[in-house]
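Asker: Model the following, please.
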Amino acid sequence: MINLDNSFFFDKEGFDFNNHTQFLKNLDKTKEISDQLLKEYNNGGNEVIESFTKKYQSKIRKLKYEIDIKNKKKVVIGLGGSSSGAKALSFYIDGEIIFFDNLDYEYFINFFKKKNFKDYVYFVISKSGDTFETLAILNILIKEYKDNNLCNYLFESMVIITENNDSILNKFAIKNKIKCIEHNPNIGGRFSILSETGILPFLDLDLKVEEGSEKYIALLNEDNDQSPTRNVAILVTLIKEMKLSIYCNLIYNYRLKHFSYWFHQLHAESLGKQNLGMTPITSICPKDHHSMMQLYLDGPNNKMFNIFSPQDENYIDHFIDEGFTNIEHLTPLELLKKQFNSVIEVYKEKKIPHRVIKISDHRNPLNLIELFSYFILETILLGKVMGINPYDQPSVQLIKNKILKG
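Answerer: The predicted structure is shown next:
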């Protein structure tokens, strides 16, 4: 279970938004838009939120009987939202999925040196079916299998997830009789982690995704710390009054690293429009206490921080007696938690905008599902309150057009 602590914004020692006129106006507006979003979902008009539900997840789980992934190593081929959510989940649970999510030709060559071509099942994901980089990686993959006379085996052990359209990838799948799962046309890549796109590689884990996601639908029209509605009202107030331009995740559990990178795309691509939006960044702590923290504490006060708690597991019972007197009276976990708590105390003293996100069990994948669910709703709602369409990314097309002309 995750818990969002916004007490800083309502304590007298903090920002004390309890009777803050602008915050209360923003809260009323956010509640109104939350209600509109809920009505949209209830009328069947929002499949992103629909993917949070047991009904949608049951449909995905039925695909388990169509895809043979038992005793196979999994490779996901896809760029951006086609793979970033799955990569975050795999990294969080110490999974062994391999991701081809960039044009790193040296990495591909080293992978193929293993020559264990029959060990893998490949998930090739592109919503449009025409993504340059995904097609480039697939082309290289086919070449390696052809060179080893195993192309038929490759096609038998491949699953393609793309829209049912006239794209290059869809035509390729039909031509080679490759198993093809339709990418939901109404769910964009960065919102697709709870759809077929993100969950298919984990079907063998029998995750009950809805147990981590469904409750956030009901939280939309509530007014408490866990509700995206109240949190968005806080963010809008800060953006308007403090001119915030940076949104930073302070991560005290390294396994959340790729979740935070997933959040980069979610926030930047959804809200970076019309000269608006905050730049999302990640700091891995306590490492960044020794690099970025000076800037955070004494640089421009233009940042909002999410401070994520360290794991609860005590992997090492104690430090041994070596005369390291500044640490040996603590356990390793106590040392990490003291650093986490000390940062929160200093942020309060310096009145730096922050909220604390505590995770009760860092081994439970449903807690990451909760984080995905919460931040998807927060981002959609924040975009709508700001008058931005959170679902498109029009300016990226300018680069694609240049590539096509070349």
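
Asker: Is the closest residue to residue 17 other than its chain neighbours within a helix or a strand, and which one?
Answerer: Spatially, and ignoring its direct neighbours in sequence, residue 17 is nearest to residue 23 (4.3 Å; CB to CB, 6 or more residues apart in numbering). (C-beta placed from N, C-alpha, C; glycine too.) Using DSSP states H and E, the element containing residue 23 is helix 21-42.

Asker: So which elements touch the next helix or strand after that helix?
Answerer: Toward the C-terminus, helix 21-42 is succeeded by helix 47-50 as the next helix or strand (DSSP H and E). For helix 47-50, the elements it packs on are helix 21-42, helix 365-385, judged by 3 or more CB pairs under 8 Å, 6 or more residues apart in numbering; DSSP states H and E.

Asker: Model confidence score at the nearest residue to residue 249 once chain neighbours are set aside, please.
Answerer: Distance criterion CB to CB, 6+ apart; nearest residue to residue 249, sequence neighbours excluded, is residue 260 at 4.4 Å. For residue 260, the pLDDT comes out at 99.

Asker: who's in contact with residue 260?
Answerer: Taking CB atoms under 8 Å, 6 or more residues apart in numbering, we find residue 260 in contact with 249, 251, 282.

Asker: so the second one makes contact with residue 257?
Answerer: Just to be clear, that refers to residue 251. Yes - using CB atoms under 8 Å, residue 251 is in contact with residue 257, at 6.3 Å.

Asker: where do the contact lists of these two overlap?
Answerer: Common neighbours of residue 251 and residue 257 (CB under 8 Å, 6+ apart) are 282, 284.

Asker: more neighbours, the two?
Answerer: Neighbours were counted for residue 251 and for residue 257 using other CB atoms under 10 Å; residue 251 has more, 23 against 17.

Asker: Quick one: mean pLDDT over the helix or strand hosting residue 181.
Answerer: Assigned by DSSP H and E, residue 181 falls within strand 179-182. Averaged across strand 179-182, pLDDT comes to 96.

Asker: Can I get that strand in CSV, CA atoms only?
Answerer: The C-alpha trace of strand 179-182 is given here as CSV (Å, rounded to 0.1, in the frame of the first residue of the first chain):
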residue,chain,number,x,y,z
LYS,A,179,0.6,-13.9,-33.1
CYS,A,180,-0.7,-10.4,-33.0
ILE,A,181,-2.5,-8.7,-30.1
GLU,A,182,-4.4,-5.5,-30.9
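
Asker: residues in contact with it?
Answerer: With CB under 8 Å, 6+ apart as the criterion, strand 179-182 contacts 63, 66-67, 158-164, 170, 173-174, 196, 200.

Asker: can you tell me which of the residues you listed are in helices?
Answerer: 170, 173, 174, 196 (DSSP state H).

Asker: now, among those residues, which is nearest to residue 108?
Answerer: residue 173 (21.2 Å; CB to CB).

Asker: ok, that closest one to residue 18 distance?
Answerer: The gap separating residue 173 from residue 18 is 56 Å, by CB to CB, to the nearest Å.

Asker: So which elements touch the helix or strand harbouring residue 124?
Answerer: Secondary structure from DSSP H and E places residue 124 in strand 120-125. Under the contact definition 3+ CB pairs under 8 Å, 6+ apart, strand 120-125 sits against strand 73-77, helix 132-147, strand 158-162.

Asker: sorry, back to before: just the buried residues of the strand holding residue 181, please?
Answerer: 179, 180, 181 (16 or more other CB atoms under 10 Å).

Asker: residues near the nearest residue to residue 331 once chain neighbours are set aside, how many?
Answerer: Excluding the flanking residues, the one nearest residue 331 by CB to CB, 6+ apart is residue 318, at 5.5 Å. By other CB under 10 Å, the residues close to residue 318 number 12.

Asker: Next, residue 318: phi, psi?
Answerer: phi -160, psi 160 (degrees, to the nearest 10).

Asker: That one and residue 330, how far apart?
Answerer: Residue 318 is 9 Å from residue 330, by CB to CB.

Asker: Where do the helices of the stretch 301-406 of the chain begin and end?
Answerer: 332-349, 365-385, 396-405 (DSSP state H, counting those that start in this stretch).

Asker: Just send those helices back as JSON lines, with mean pLDDT too.
Answerer: Formatted as JSON lines, the helices of the stretch 301-406 of the chain follow (pLDDT from 0 to 100):
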{"stretch": "helix 332-349", "mean pLDDT": "97"}
{"stretch": "helix 365-385", "mean pLDDT": "98"}
{"stretch": "helix 396-405", "mean pLDDT": "81"}
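
Asker: So which of these is nearest residue 86?
Answerer: helix 365-385 (10.8 Å).

Asker: how far is the closest one from where the chain is centred?
Answerer: 9 Å (CA atoms, centre = their mean, to the nearest Å).

Asker: just stretch 217-225 next, same as before
Answerer: That offset, for stretch 217-225, works out to 21 Å (CA atoms, centre = their mean).

Asker: Make 8 the first number, not 1, from now on.
Answerer: Okay, residue one is now 8; in that scheme the one you just asked about reads as stretch 224-232.

Asker: got the end-to-end distance for that stretch?
Answerer: 15 Å (CA to CA, to the nearest Å).

Asker: tell me the mean pLDDT over that stretch?
Answerer: On average, stretch 224-232 scores 92.

Asker: Check which residues of it are buried.
Answerer: 224, 226, 227, 232.

Asker: Neighbour count: residue 180 and residue 25, which is higher?
Answerer: Using other CB under 10 Å, the more surrounded residue of residue 180 and residue 25 is residue 180, with 22 against 11.

Asker: Distance of that one relative to residue 186?
Answerer: Residue 180 is 8 Å from residue 186, by CB to CB.

Asker: quick one: common contacting residues for the two?
Answerer: In contact with both residue 180 and residue 186: residue 167, using CB under 8 Å, 6+ apart.

Asker: tell me the domain ranges of the chain?
Answerer: Split into domains by automatic domain parsing, the chain comes to 9-45+221-392, 60-217.

Asker: Rebuild the helices and strands packed on strand 127-132 as CSV, extending it with mean pLDDT.
Answerer: Conversion of those to CSV gives the following (pLDDT from 0 to 100):
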stretch, mean pLDDT
strand 80-84, 96
helix 139-154, 96
strand 165-169, 97
